[in-house]
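# Okay, here's the prediction I keep looking at, along with the sequence it came from:
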Amino acid sequence: MSFHYWRNVGRSAKRRFLTLSNSYHGETLGALAVGDVDLYKQIYRPLLMDVITVPSPDCYARAPGESWAQHSRRMFAHMEAALAQHAHEACAVIVEPLVQCAGGMRMYDPVYLTLLREACDRHQVHLIADEIAVGFGRTGSMFACEQAGIRPDFMCLSKGLTGGYLPLSTVMTTDGVYQAFTTSTSSSTPSCTRTASPATRWPAPQRAPVSPFSATTTCSSATGRSPRAWASAPARSRTTRTWRKCASGA
Ligand SMILES: Cc1ncc(COP(=O)(O)O)c(C=O)c1O
């Protein structure tokens with residue numbers, strides 16, 4: 001979606017992604033490419049797109065006497081340099097906010113995210129927060145990004161949405177990104193799915209939620225019905241009842 005956005009606004013040179021060493025974002029080809037856990041990547045490497053990998057701010061590696069914030073600030077210099085060098089060709093930076101889970105539960109200070117948000121704005125590069133593992137209270141706040149007081153351009157959510165009862169994921173984005181699709185002459189809008197089924201189309205503009213994020217794409221369930229459809233379906237099956245329970249927060 002970030003790549004597509006930049007094309008829609010006439011910046012087609014922006015086609016690369018920046019990521020952190022030790023990161024994990026999944027194992028479909030695009031997600032695997034922006035991750036950095038060799039165990040998963042090794043065999044598929046010939047198929048993966050080329051990404052720019054920046055050293056992780058992992059605070060386990062901080063110098064003796066150095067605070068988490070000092071270490072995270074110091075490590076941000078690598079990101080700043082990479083952004084300065086690659087902004088003209090970069091769509092987005094993708095991070096797991098605060099905790100790199102699959103990479104060994106490596107953690108860093110929220111100041112890194114604050115600096116990253118500011119630098120992404122300055123360099124005109126999107127910030128993607130993969131909160132699939134840390135969202136929904138796993139780090140103490142509802143979303144990890146809140147601890148840095150930032151709002152990403154894209155937020156990926158999954159597991160915590162249903163607590164694992166259903167395969168359900170969503171990508172949230174800003175009104176600015178959303179508008180670049182609704183006003184574009186581009187022939188397609190993102191409509192793919194990561195959860196084994198055709199996804200819902202983008203909602204019509206007048207029905208789009210506005211704050212703090214606009215729900216945009218990849219809302220789907222195992223059967224291809226949208227969450228809205230699930231919530232309003234007759235309570236015939238056990239799965240439907242489970243969804244209703246999740247949707248109502250029970
Ligand atoms: C941070 C993060 N991103 C992405 C994924 C991939 O999610 P999925 O397996 O649903 O593709 C995971 C899975 O553990 C994850 O921890």
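Okay, I see it.
# from what I can see Ser56 touches Gln100, true?
Yes. At 6.4 Å, Ser56 counts as touching Gln100 under the criterion of C-beta atoms under 8 Å. Bear in mind the C-beta positions are built from the backbone N, C-alpha and C, glycine included.
# which neighbours do those two share?
20, 22-23, 106 (C-beta atoms under 8 Å, 6 or more residues apart in numbering).
# can you pull out the strands in this structure?
For the chain, the strands defined by DSSP state E occupy 16-20, 52-54, 90-95, 99-100, 106-107, 126-130, 154-157, 170-173, 214-217.
# How about the protein: which residue is closest to the ligand?
Proximity of the chain to the ligand (C-beta to the nearest ligand atom) peaks at Gly26, 3.2 Å away.
# From what I see, that residue and Leu32 are in contact.
Yes. Between Gly26 and Leu32 there is a contact at 6.8 Å, judged by C-beta under 8 Å.
# quick one: which of Ser56 and Gln100 has more around it?
Gln100 (27 against 24; other C-beta atoms under 10 Å).
# from what I can see that one touches Asp130, true?
No. Taking contacts as C-beta under 8 Å, Gln100 lies outside contact range of Asp130: 9.9 Å.
# which residues of this protein score low on pLDDT?
Along the chain, the model assigns pLDDT under 70 to residues 184-250.
# shouldn't Ile128 be in contact with Val93?
Yes. Look at Ile128 against Val93 with C-beta under 8 Å: they come within range, at 6.9 Å.
# Which one's more surrounded, those two?
Neighbour count, other C-beta under 10 Å: between Ile128 and Val93, Val93 has more, with 29 against 26.
# Okay, domains of this protein per the record?
Per automatic domain parsing, the structural domains of the chain span 2-206, 211-250.
# Point out the most buried one among those.
Ranked by mean neighbour count, these are led by domain 2-206 with a mean of 18 (mean count of other C-beta atoms under 10 Å).
# Around the ligand, pick out the residues from this structure.
Within the chain, the positions adjacent to the ligand are 24-26, 96, 101-102, 130, 132-133, 158, 194 by C-beta under 6 Å from any ligand atom.
# Val93 is in contact with Val125, isn't it?
Yes. With contact defined as C-beta under 8 Å, Val93 counts as touching Val125 (6.0 Å).
# shared neighbours of the two, anything?
The contact sets of Val93 and Val125 overlap at 18, 83 (C-beta under 8 Å, 6+ apart).
# and the longest helix for the chain?
Using DSSP state H to define each element, the chain has its longest helix at helix 68-86.
# Just list what that helix packs against, helices and strands only.
The contact analysis (3 or more C-beta pairs under 8 Å, 6 or more residues apart in numbering; DSSP states H and E) places helix 68-86 against strand 16-20, strand 52-54, strand 90-95, helix 111-123.
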